[in-house]
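What follows is a predicted protein model with its sequence.
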Amino acid sequence: MPNKSRFIVDQTTHTLRAERRMRATQDWLFSAWMTPAMLRLWWDPSGVPLAVCDIDARVGGTLRLVSAGNEQHGFAGTYRLIDRPNRIEFDAMGAAGSVVFRAEGEDTLMVVEIRCPTAEHLERMLQVGVAEGTAQTMDNLVAYAKAQAAA
Amino acid sequence: MSLDLVFAALADPTRREILVRLLQGEATVSDMCDPGGLKQPTISKHLKVLEVAGLIASDQRAQRRPRRLQLANMQVLAAWMEPFQRQWDGRFDQLEALSRAQSQKEE
């Protein structure tokens, strides 16, 4: 599976890293992160468009992403660096996020890093992930049950 | 700790066998040598890979350095990483599908 992602936890720098190589240009991927009409289509892993996708695309500008049906848990942050088509940096949920786009032939390697200030913060971040993952599993189960009942 | 190292370490059948052996309790390199089977340098090499991956630890104080499983480390990592991975894998899948749809439209 050449297109699958790589995940790394660096516990010395309290960093989570997700990498994916894709058949797309740096510029297109950069736009996919910075254009609300595009970002709202892919941010939610379930494929359901975001209910809220506000992007103020300048340094110091804010971003706010809210999934449909999960209005109480949003993702909010502030852009720290916008360098088309190479790099985006933002602060979000007390952690420092960065996205790097590196051209590799016809593909682009996209590296997302979330650097937490402390090990405890990293731990909390992952626990939130666990909570979200669990919530999503429940949602899928409910959707499945509904589909079964309708059949 | 790198998941790549963990997965690479688990990809080898001899190393999985060593982990199963350590499930029974700590063991030294010579405990793990079996007659007609693996030799000490081979086992030491595999132990090193498992140790770097954080799956086992050795007691540096004891002269024969018995190895033991770091199961907690492994379970904790797996349990915590799974939702994070699923979330970003899902996102990347969506993004990739979007990119494919767009490039088809342009053609």
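Received it, and whenever you're ready, just let me know what you need.

ok, now which ones touch A:Pro36?
A:53-55 (CB atoms under 8 Å, 6 or more residues apart in numbering or on different chains). (C-beta placed from N, C-alpha, C; glycine too.)

nearest to chain B, of those?
A:Cys53 (13.4 Å; CB to the nearest CB).

quick one: is the helix or strand harbouring the closest one near chain B?
Per DSSP states H and E, A:Cys53 falls inside strand A:52-55. No: under the criterion of CB under 8 Å from any CB of the partner chain, strand A:52-55 makes no contact with chain B; the nearest approach is 13.4 Å.

Any buried residues in that strand, and which?
A:53, A:55 (16 or more other CB atoms under 10 Å in any protein chain shown).

packing partners for the very next helix or strand once past that strand?
The C-terminal neighbour of strand A:52-55 among helices and strands, as given by DSSP H and E, is strand A:62-66. Packing contacts for strand A:62-66, counted by 3 or more CB pairs under 8 Å, 6 or more residues apart in numbering or on different chains; DSSP states H and E, involve strand A:52-55, strand A:74-83.

rerun at 10 Å
Packed against strand A:62-66 by the contact rule (3 or more CB pairs under 10 Å, 6 or more residues apart in numbering or on different chains; DSSP states H and E) you find helix A:36-42, strand A:52-55, strand A:74-83, strand A:87-92.

Let me have the contacts of A:Pro36 in a markdown table, extended by distance to A:Thr62 and pLDDT.
Output for the contacts of A:Pro36, formatted as a markdown table (distance: CB to CB, whole Å; pLDDT from 0 to 100):
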| residue | distance to A:Thr62 | pLDDT |
| --- | --- | --- |
| A:Cys53 | 12 | 95 |
| A:Asp54 | 7 | 96 |
| A:Ile55 | 8 | 97 |
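
Closest one of those to B:Ala27?
Using CB to CB, A:Cys53 comes nearest to B:Ala27 of these, at 54.8 Å.

Skipping adjacent residues, who's closest to the closest one in space?
Counting by CB to CB, 6 or more residues apart in numbering or on different chains, A:Arg40 is the residue found nearest to A:Cys53 once chain neighbours are left out, at 3.8 Å.

Can you show me the CA trace of stretch B:43-50 as CSV?
Provided in CSV are the C-alpha atoms of stretch B:43-50 (Å, rounded to 0.1, in the frame of the first residue of the first chain):
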residue,chain,number,x,y,z
ILE,B,43,19.6,-13.5,19.3
SER,B,44,21.5,-10.5,20.6
LYS,B,45,20.9,-8.7,17.3
HIS,B,46,17.1,-9.4,17.5
LEU,B,47,17.0,-8.3,21.1
LYS,B,48,18.7,-5.0,20.2
VAL,B,49,15.9,-4.3,17.6
LEU,B,50,13.2,-5.1,20.1
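
what mean pLDDT does it have?
Averaged across stretch B:43-50, pLDDT comes to 93.

Buried residues, that stretch. List them.
For stretch B:43-50, by 16+ other CB under 10 Å, it's B:43, B:46-47, B:49-50.

likewise stretch A:51-65?
A:53, A:55, A:63, A:65.

cool, and stretch B:50-70?
So, applying 16+ other CB under 10 Å, buried residues of stretch B:50-70: B:50, B:53-58, B:66-67, B:69-70.

Then stretch A:67-86?
For stretch A:67-86, using 16+ other CB under 10 Å, the buried residues are A:67, A:70, A:75, A:77, A:79, A:82, A:85.

Quick check, pLDDT for the last one.
Pointing back at A:Pro85 there. Value listed for A:Pro85 in the pLDDT field: 97.
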